[in-house]
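*Asks:* sequence first, predicted coordinates after that:
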Amino acid sequence: MTSILVTLANRNPDIRDLERKGEVKRLARLLSHGDFNIQWQAAEALGRMGEPASRELIRRTYDLNRDVRIGAVEVLGEMREKQALPKLITLLRDDKSSEVRFASAVALGEIGDPTAIPELVNALRDPDKYVRYGVALSLDGLDWNPGSLEETAFYLVAYQKWEDIETHANLPAAPFIHHLKDQDPDIRARSAEVLGRLRTPQASEACSTVLRDINGEVRWTGILAFPECGIPLMHLPRELSRRRRQRKDPYAAMLLNFLFLGLGYNYLGFWWGFLLFQVNVTAIVILSLMMGGPLIPYLISYVISAVFVVHTWFYVRGLPDI
C-alpha cells in the first residue's frame, strides 16, 4: 500500500510545494507533463514567480520538445514578459511547429508591445490558417489598422471574412494569388472566386494556376470562375490537362499485398482489405499448428499472394488520374 501511495505522489507532483521552494526548473519541466491539469498548474505557478521564472522560460523556448516550447511561450505571454519579445518574434517567423507559431502570435498580442506589429503583419502570410487567425487577433489587440489595401486583404483572409472581402473595392490580386498555394483547399477555392471577380490582368493570369490545382473542388471553382478570368472556352481543356495528377502507387499496393495479403487493398481504400489480412494471418497460424511449423504455410501464403499482386497491378493501372 505504501509503495502505491509513493507512486501516486510521484505521478502527481506537489505544484504548490515546488512553487514555495522556488523550483523553477522542475516546474518548467512539468510544462510537458502528460497530465494537462498539471501542465496548467505548473504554468500558473511559474507565472506567479516573476523574473527567475521568466529567465528559465525564455531558455525553455529553445527546447527541442514542442510541448515545452508551447508551454513556455504561453506563460511568457500571460506574464507579459517584454524581455521575451525577440525570441517570440523568432519563433513566430521560423518555428516549424504551427502550434508554436500560433502560441507565439497570441503571446505577442498579450504582451502588448507595438514594436511587434511589423512582424505580426508579415505573419499574416503564414502558410497555416490557424497561425494567421492568431496573428489577426493579436493585431486587433494592439489596435492595428491596415496601412494598405494589400494588408487589408491579408487581414480579411486571416479572419476568413469572405463576405467583407466582397464589399471592398479595388483590392489587389496579389494576396489572393498568394493564397492559391494555401494548405487548405477551401481557402484556395475562395481565393479563386475572388480572383474571378477582380477581372484584373494579374487575376486572369492566376486562373490557370487554379485549373491545375491538385484538388478537384478547387479546379471546379476555377472552371466556374474562368469566364470572369478571361480564359477562352477553347483553352479550358488545355489548362486542365496541365494539372499535377494523383494516383495510388501500384508498387506500394503490390508490395503490401505480397508481404501482408490484404493490406495492399486496405491502402487502396477497401475496408475489406484488413479483413482479408486477418483471414490470411489466421490461416497461417492454424496451418502452422497442424503442420508443426510455419515454413510451408508461409510458402502457400506467398503463392496465393502472388496471384493477388498481379490483380493489384492491373487494378491500379486502370484507375483514372485525379
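*Replies:* On my side now, so go ahead.

*Asks:* for Leu46, see how far away Val100 is.
*Replies:* Per CB to CB, to the nearest Å, Val100 is found 18 Å from Leu46. Quick note: C-beta positions are derived from backbone N, CA and C, even for glycine.

*Asks:* same check on Pro297?
*Replies:* 59 Å.

*Asks:* quick check: buried residues in the helix or strand hosting Ala72?
*Replies:* Using DSSP states H and E, Ala72 sits within helix 66-79. By 16 or more other CB atoms under 10 Å, the buried positions in helix 66-79 come out as Asp67, Val68, Arg69, Ile70, Gly71, Ala72, Val73, Glu74, Val75, Leu76, Gly77, Met79.

*Asks:* then stretch 134-145?
*Replies:* Result for stretch 134-145 [16+ other CB under 10 Å]: buried residues Gly134, Val135, Ala136, Leu137, Ser138, Leu139, Leu142, Trp144.

*Asks:* correct me, but the fourth one touches Ala107?
*Replies:* No: taking contacts as CB atoms under 8 Å, Leu137 lies outside contact range of Ala107: 11.4 Å.

*Asks:* count the residues that sit near Ile286.
*Replies:* 11 (other CB atoms under 10 Å).

*Asks:* quick one: average confidence on the helix or strand containing it?
*Replies:* For Ile286, the host element (DSSP H and E) is helix 272-291. Helix 272-291 shows a mean pLDDT of 89.

*Asks:* pull the CA atoms of that helix into CSV?
*Replies:* The C-alpha trace of helix 272-291 is given here as CSV (Å, rounded to 0.1, in the frame of the first residue of the first chain):
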residue,chain,number,x,y,z
TRP,A,272,-12.3,-5.5,-46.5
GLY,A,273,-8.6,-5.4,-47.2
PHE,A,274,-7.9,-5.6,-43.4
LEU,A,275,-10.4,-8.4,-43.1
LEU,A,276,-8.6,-10.3,-45.8
PHE,A,277,-5.3,-9.7,-43.9
GLN,A,278,-6.8,-11.1,-40.7
VAL,A,279,-8.1,-14.2,-42.5
ASN,A,280,-4.7,-14.8,-44.1
VAL,A,281,-2.8,-14.5,-40.8
THR,A,282,-5.3,-16.8,-39.0
ALA,A,283,-4.9,-19.4,-41.8
ILE,A,284,-1.1,-19.3,-41.4
VAL,A,285,-1.4,-19.8,-37.7
ILE,A,286,-3.8,-22.7,-37.9
LEU,A,287,-1.8,-24.4,-40.7
SER,A,288,1.4,-23.9,-38.7
LEU,A,289,-0.1,-25.7,-35.7
MET,A,290,-1.3,-28.5,-37.9
MET,A,291,2.0,-29.0,-39.8
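
*Asks:* from the contact counts, what lies against that helix?
*Replies:* helix 263-267, helix 295-317 (3 or more CB pairs under 8 Å, 6 or more residues apart in numbering; DSSP states H and E).
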